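1. generate coordinates for the sequence data below:
(2 chains)
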Amino acid sequence: MDKEILEIKGYSKTYGEGKKACDDVNLTVRSGDIYGFIGHNGAGKSTTIRAVVGVLDFDEGDIYIDGHSVKDEPVECKRITAYIPDNPDLYENLTGIQYLSFVADVFGISEADRTARIRDYAERFEITDALGDLISSYSHGMKQKLAIISALIHEPRLMVLDEPFVGLDPKASFTLKQIMHEICGRGTAIFFSTHVLDVAEKLCNKVAIIKQGRIIASGTMEELTHGQSLEEVFLEAVNE
Amino acid sequence: MNRNIVLLKTLMLSTSSWNTYKYCNDKKVRAKVVGGFVGRLILYAMLMFYSIMQCVGYGQMGLASSIPVLCALVIAGLSFFLTFFKTNGYLFNFKEYDMLMSLPWKPSEVAACKFLYMYIKSLPWYLSVSLSMMVVYGIYTGASVAVYPVWIILSFVMPVIPMLIASFFGFLIARAGAGFRNKTIVQTVISFVFIFLIFAGRFFIENMFREDKTAEVLSSISAATDKAASVYLPARWFASSITTLSLLDMALLVVVSSALFAVVFIPVGRSYRKINSALKANAASRNYKLSGDAGRNGLKPKSLLNTIAFKEFKRMTGSPTYMTNALIGELFCVIAGIAVLFVDIDTIIRSVLQDAPVTKEMLYPAIPFIVYFFVGMVATTAFTPSLEGRNYWIVKSLPIPPRKLYQGKMLFNMYLTVPFAVFATVMISIKAGVPVLSLILSVVLILCLCAFSTCWGAVCGIKHMKLDWENEVEVIKQGTGVTLYLLPNMFVTMGLIAGVVALGTVVDYNAVTGILIAVVSVLTVVFYKRALAKT
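-> All right, here's what the predicted structure looks like:
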């Protein structure tokens, strides 16, 4: 435990006309952390997250996952990472089970393990019945649940989630929070963005606030809040 | 199972109609799947028929030995252009990019799997051509039994090299375009310049041969294809493998195709993430000011149909795949319209028709159809209903009847085609010395043809609307609506060009044009009503 799983060092991302979407971002997520990443719309949360999971190219700095550089060893990084985008684009013409089987194949999960994990998570998210249907027939929330199960199937060491609670019903949100605690207890690190400050406050042990591409505050929940609510701290920070 | 095979298998499954048929309980959807399958079979049959007739012509002229070269060249041309127009959507900027790239694949593996997926999806088209030509070749030459397995195996290999070349050019264009703010426009312009250079190059090579005093040789169609094969080596290897069963040429074709496949994706892989990051990035300038001028703010009210047409225009300019495919015919119109200012019409006729006994006067009634061959190649209405995709809810939730949406899409296609078609028709007609009355009739006919194309496209596009696509190429290039629109339209237009030229030699060509205006108008009205019947 307490090993650095995700290290973002001096990460900057510049778009076309020289506008910096992220500027010198530094943070560390350790094994067992549930790390919340909060900020306004367009602050740079998704841009950072997409760089962490190796989807987005970036200019300066580096990102390390369990000691592997995202720039130099992207495949090694991805083997131990799971990513759930804010609006998962899944293969609509596959059935839920075909999609999960695809992800399990990619990570080389044995038949027994994949069956057990799919059964467990599908039951907890109550979508077992729908796994034989085409994903195109799923609601947004069901797609989100399927994306979450696919992310859990290979027991990642780092889980990166972009707005994971959007579209989930209250029960599924509760289940996801439970699962997050469980896997963190087993040593997985979780880094996720959210706009729901209440959730972040209750769920996370660490938080970073990003504003216009720069981290303006970060640390453990206690360090940041000092008895205030996270909402108050956040509003103070972003209005400065 | 190898992870790359897993990806390829999943890519195939994710767009397989069979999977939809098997797991979807909606009878309407299943009927659509069956209809689409039958439609595709009909189109393959049409392509086979066309290929067979072409080879029968060769056989009848005693040129059956040139059929393998012809086959190789046709497949090379088809696969090159089909791939070139699809590369941008398949290899780059695809919808599930985030999901795929977050999984443990190297970028080069993702690109290679995407290429193989594109190859497998296109294979039925190439096999339709190749296998039908093989049958005619066998009948006319009495080829030995050994020829057939060789031909069949090499049919799978033949498209690889041209597809790789086209993909590589697509990659270079995407890479160049990725560095600009207006990426879509830049990529489209580079693509068009590239296409123009290819066509110009074709004429340049042909003229070079002519100046080389080989005109007599080129006058034979067989010799022309053989000459082309001398330039394009894989065609020669294929032909030689068939005609002499040369193991060396067979091996060359297979080894070079495989080696090229292995090599091409090394540089593609290196820049893959960079290109996709740039193509997907939309930098926000955050400097918008809401002034009091509605015109400057883009808030000036427009009519409903114009609003939809404008939305369609913005959709087009946001996608290189859409723009390249939609504007290719218009580009040819511009080139043709300008080219006639500098090149004599008789020279063009001689160049295109290989000294066939056709005068420019004989071509007068065919001018609108020649122009229509360009602008009618693509009707945006054949794919824009499908292109709404998951955004369909936006228009569905608006307080407008669906027919208004389709009418707006039709209007956009008219805006797109009419100016270019009229420009080309007028320019060519004036340069050819078409009398004023005939010119007016030609303009009326091309207007009718544009309307016809729009409505026929709408019939195909609405009837075969597919909203749950994974990649816009699926609907723009490969949609059932587009294919149903394109092939009959193309073959009929080619037939009509020959038909009106022949008819114009025995009947007053103004009368021919007049009758065609009436026929096309009636068909347009019929298709317009048909397109909007169930909306």
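2. from here on, just use CA atoms for contacts and neighbour counts.
-> Will do.
3. and the strands in the stretch 251-400 of chain B, which stretches?
-> Using DSSP state E, counting those that start in this stretch, the stretch 251-400 of chain B contains no strands.
4. that one: helices as residue ranges?
-> B:294-297, B:304-317, B:320-342, B:345-353, B:360-363, B:367-375, B:384-387, B:392-396 (DSSP state H, counting those that start in this stretch).
5. check which residues of stretch A:38-52 are buried.
-> Of all the residues in stretch A:38-52, those buried under the rule 16 or more other C-alpha atoms under 10 Å in any protein chain shown are A:38-39, A:43-52.
6. out of those residues, name the ones that lie in helices.
-> Under the assignment DSSP state H, those contribute A:45-52 to helices.
7. could I get these as a markdown table with pLDDT and distance to chain B?
-> Putting those into a markdown table (pLDDT from 0 to 100; distance: C-alpha to the nearest C-alpha, whole Å) gives the following:
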| residue | pLDDT | distance to chain B |
| --- | --- | --- |
| A:45 | 93 | 14 |
| A:46 | 91 | 12 |
| A:47 | 91 | 10 |
| A:48 | 94 | 13 |
| A:49 | 94 | 11 |
| A:50 | 92 | 8 |
| A:51 | 93 | 10 |
| A:52 | 95 | 9 |
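8. ok, these vs residue A:233, which is closest?
-> residue A:45 (17.9 Å; C-alpha to C-alpha).
9. quick check, that closest one in contact with residue A:36.
-> No: assessed by C-alpha atoms under 8 Å, residue A:45 is found out of contact with residue A:36, at 10.4 Å.
10. mind listing the shared neighbours of the two?
-> Contact criterion C-alpha atoms under 8 Å, 6 or more residues apart in numbering or on different chains; residues shared by residue A:45 and residue A:36: residue A:193.
11. which secondary structure element contains residue 161?
-> Using chain A here. For residue A:161, the element it lies in under DSSP states H and E is strand A:158-162.
12. hmm, I had chain B in mind actually
-> helix B:160-177.
13. go on, residue A:27?
-> Using DSSP H and E, residue A:27 falls in strand A:19-30.
14. same deal with residue A:64?
-> Going by DSSP H and E, residue A:64 is in strand A:60-65.
15. do the same with residue B:126
-> helix B:107-141.
16. now do that helix, average pLDDT.
-> The pLDDT scores in helix B:107-141 average 93.
17. which other helices and strands does that helix contact?
-> helix B:3-14, helix B:27-60, helix B:67-91, helix B:97-101, helix B:147-157, helix B:247-280 (3 or more C-alpha pairs under 8 Å, 6 or more residues apart in numbering or on different chains; DSSP states H and E).
18. for residue B:308, which of these is the nearest?
-> It's helix B:67-91; of these, that one is closest to residue B:308 (C-alpha to C-alpha) at 24.1 Å.
19. hang on, the earlier thing: ok, and what's touching the helix holding residue B:161?
-> So helix B:160-177 is contacted by B:76-77, B:79-81, B:83-84, B:87-88, B:92, B:119, B:183-184, B:186-187, B:190-191, B:257, B:260-261, B:264, B:268, B:271, B:275 (C-alpha under 8 Å, 6+ apart).
20. if we use 6 Å, what do you get?
-> B:76, B:79-80, B:83-84, B:87, B:183, B:186-187, B:257, B:275 (C-alpha atoms under 6 Å, 6 or more residues apart in numbering or on different chains).
21. using PDB, write out every CA atom in stretch B:476-485.
-> Extracted in PDB, the C-alpha atoms of stretch B:476-485 (Å, rounded to 0.1, in the frame of the first residue of the first chain):
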ATOM      1  CA  ILE B 476     -21.300   8.300 -46.300                       C
ATOM      2  CA  LYS B 477     -19.400   5.700 -48.300                       C
ATOM      3  CA  GLN B 478     -20.800   2.300 -47.500                       C
ATOM      4  CA  GLY B 479     -24.400   2.900 -46.600                       C
ATOM      5  CA  THR B 480     -27.100   0.900 -48.400                       C
ATOM      6  CA  GLY B 481     -28.800   4.200 -49.300                       C
ATOM      7  CA  VAL B 482     -25.600   5.500 -51.000                       C
ATOM      8  CA  THR B 483     -24.900   2.300 -52.800                       C
ATOM      9  CA  LEU B 484     -28.400   2.000 -54.100                       C
ATOM     10  CA  TYR B 485     -28.300   5.600 -55.200                       C
END
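22. residues contacting stretch A:227-235, please?
-> Outside stretch A:227-235, no residue touches it (C-alpha under 6 Å, 6+ apart).
23. please compute how far it lies from its chain's middle.
-> 23 Å (C-alpha atoms, centre = their mean, to the nearest Å).
24. now chain A, which segments are flagged as low pLDDT?
-> A:1, A:16-18 (pLDDT under 70).
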